[in-house]
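**Student:** need a structure here:
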Amino acid sequence: MSEFQPRAAVLPVAEEGMQRAVLDGGGVLADAASADVVVWTDPHGPETLQAALRESPARWVQLPLAGIERFVALGVIDPARVWTSAKGIYGYACAEHALALMLAAARRVHTHVLHRTWEAAPLGSPHRLLKGSTALVVGTGGIGAALISLLTRLDVRVLAANRSGAPVDGAEVTVTTDRLPELVPEADFIVLAAALTPKTRHLFDRTMLERMRRSAWLVNVARGGLIDTAALVEVLRERLIGGAALDVTDPEPLPAAHPLWSIEDAIITPHVSNTLDMSLPELRSLVRRNIRHFARGEALEGLVDPALGY
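**Tutor:** Model prediction:
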């Protein structure tokens with residue numbers, strides 16, 4: 001199979017490890033004006049990327065993150081180029097965090113850590129096991145699939161929902177996302193791991209939240225916009241659901257005066273399910289593989305559908 005050496009610009013920060021990944025994949029380093037590939041290293045810089053691409057003939061752009069809605073919203077993702085995201089490489093890290101949030105909710109860790117004296121749990125307290133519970137995983141890409149694998153080892157019954165309804169290993173039932181209302185009432189834990197698109201924005205609105213069990217927890221490690229935050233605050237205050245464990249919020253960052261901070265059964269972590277330290281080695285490996293694929297004319301990993309936005 002014939003190969004060529006892709007000319008790759010690592011922008012806007014020429015991170016040394018990413019440059020090494022380009023070279024190890026068989027590419028050569030270049031500037032934007034002569035690049036076949038732009039490897040973008042700034043997850044928060046869609047405007048800067050748009051400016052860089054105006055002067056670049058690059059046929060393929062590698063983005064550094066899985067959730068690319070900010071790039072889509074700005075119109076950066078044009079169909080004239082091939083786009084790849086980092087979807088899939090963050091799956092296990094985010095799944096671990098989702099599991100940690102589920103365990104914290106089940107064992108009420110969020111209430112115990114506030115005490116500075118020994119507080120015995122009263123008879124009939126809401127502590128529980130994950131074992132034997134039912135979890136509904138919404139979105140079965142890298143995060144969802146990794147979480148399902150972890151949950152089945154803990155004897156958790158798993159239900160799943162995704163865009164296609166294609167069966168997922170480890171899930172007892174898999175339905176299309178539009179059939180979510182059928183499964184929501186069965187779940188003790190609902191974990192959101194789906195992409196944020198116009199169709200999934202506020203997927204969990206007041207109507208969907210009211211279908212949850214009164215003891216059920218909603219866990220979100222995907223994107224804050226999947227939940228109608230105002231509706232979530234209402235149902236938590238009215239104690240219509242057990243609680244919410246959120247690594248992502250809408251708005252984000254969550255303002256200090258936001259009512260979610262004052263709700264006892266709201267666990268909030270500041271979007272740390274996958275940090276840079278955890279993700280950078282995986283991202284470099286992805287770039288190395290994709291440069292090699294590109295040089296050989298092979299399919300790239302993490303392809304983005306510009307029409308779908310992910």
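
**Student:** CA atoms for contacts and neighbours, from now on please.
**Tutor:** Fine.

**Student:** could you pick out the longest helix of the protein?
**Tutor:** Looking across the chain with DSSP state H, the single longest helix is helix 276-296.

**Student:** packing partners for it?
**Tutor:** Where contact means 3 or more CA pairs under 8 Å, 6 or more residues apart in numbering; DSSP states H and E, helix 276-296 is packed against helix 16-24.

**Student:** quick one: strands adjacent to the helix or strand that comes right after the helix it packs on?
**Tutor:** Once helix 16-24 ends, the next helix or strand along the chain (criterion: DSSP states H and E) is strand 28-29. Paired with strand 28-29 in the same sheet, following DSSP bridges, are strand 7-11 (parallel).

**Student:** list of residues touching the strand it pairs with?
**Tutor:** Here strand 7-11 makes contact (CA atoms under 8 Å, 6 or more residues apart in numbering) with 18-19, 22, 27-32, 34-42.

**Student:** please pick the buried ones from these.
**Tutor:** Buried subset of these (neighbour count, 16 or more other CA atoms under 10 Å): 18-19, 22, 27-30, 32, 35-41.

**Student:** mind listing what's buried along the longest helix of the chain?
**Tutor:** Residues 279-280, 282-296 are the ones in helix 276-296 that count as buried (16+ other CA under 10 Å).

**Student:** repeat that for stretch 298-305.
**Tutor:** Of the residues in stretch 298-305, 300-302, 304 count as buried by neighbour count, 16+ other CA under 10 Å.

**Student:** list the contacts of it.
**Tutor:** With contacts defined as CA under 8 Å, 6+ apart, stretch 298-305 is touched by 82-88, 286, 290, 293-294, 310.

**Student:** still on that earlier bit, from the chain's centre, how far out does the longest helix of the chain sit?
**Tutor:** In terms of CA atoms, centre = their mean, to the nearest Å, the centre of helix 276-296 is found 18 Å from the chain centre.

**Student:** got the angle for that helix vs strand 7-11?
**Tutor:** For helix 276-296 against strand 7-11, the angle by axes from the mean of the first three to the mean of the last three CA atoms, to 10 degrees is 160 degrees.

**Student:** that older thread, got a markdown table for the contacts of stretch 298-305, with pLDDT too?
**Tutor:** Shown next, in a markdown table, are the contacts of stretch 298-305 (pLDDT from 0 to 100):
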| residue | pLDDT |
| --- | --- |
| V82 | 97 |
| W83 | 97 |
| T84 | 97 |
| S85 | 95 |
| A86 | 92 |
| K87 | 88 |
| G88 | 83 |
| L286 | 97 |
| N290 | 98 |
| H293 | 97 |
| F294 | 97 |
| Y310 | 84 |
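
**Student:** from the residues you listed, which is closest to A105?
**Tutor:** G88 (26.1 Å; CA to CA).

**Student:** ramachandran angles for the residue lying farthest from the centre of the chain?
**Tutor:** Ranked by distance from the centre of the chain (CA atoms, centre = their mean), the top residue is L123, with 37.4 Å. Dihedral pair for L123: phi -60, psi 130, per degrees, to the nearest 10.

**Student:** pLDDT value on it, please?
**Tutor:** Per-residue pLDDT puts L123 at 74.

**Student:** likewise E301?
**Tutor:** At E301, the pLDDT value in this model is 96.

**Student:** P126 too?
**Tutor:** Here the pLDDT value assigned to P126 is 85.

**Student:** now stretch 246-259 - C-alpha only, PDB.
**Tutor:** Extracted in PDB, the C-alpha atoms of stretch 246-259 (Å, rounded to 0.1, in the frame of the first residue of the first chain):
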ATOM      1  CA  LEU A 246     -23.600  16.200  38.000                       C
ATOM      2  CA  ASP A 247     -20.100  16.600  36.600                       C
ATOM      3  CA  VAL A 248     -21.500  18.900  33.900                       C
ATOM      4  CA  THR A 249     -24.100  21.700  34.200                       C
ATOM      5  CA  ASP A 250     -26.000  24.200  32.200                       C
ATOM      6  CA  PRO A 251     -24.800  26.900  32.700                       C
ATOM      7  CA  GLU A 252     -21.100  25.900  33.100                       C
ATOM      8  CA  PRO A 253     -19.300  26.900  35.200                       C
ATOM      9  CA  LEU A 254     -22.200  26.800  37.600                       C
ATOM     10  CA  PRO A 255     -22.500  30.300  39.300                       C
ATOM     11  CA  ALA A 256     -21.800  30.400  43.000                       C
ATOM     12  CA  ALA A 257     -25.300  31.700  43.800                       C
ATOM     13  CA  HIS A 258     -27.000  29.000  41.700                       C
ATOM     14  CA  PRO A 259     -29.800  27.200  43.700                       C
END
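
**Student:** taking the mean pLDDT, what do you get for that stretch?
**Tutor:** Per-residue pLDDT over stretch 246-259 has a mean of 97.
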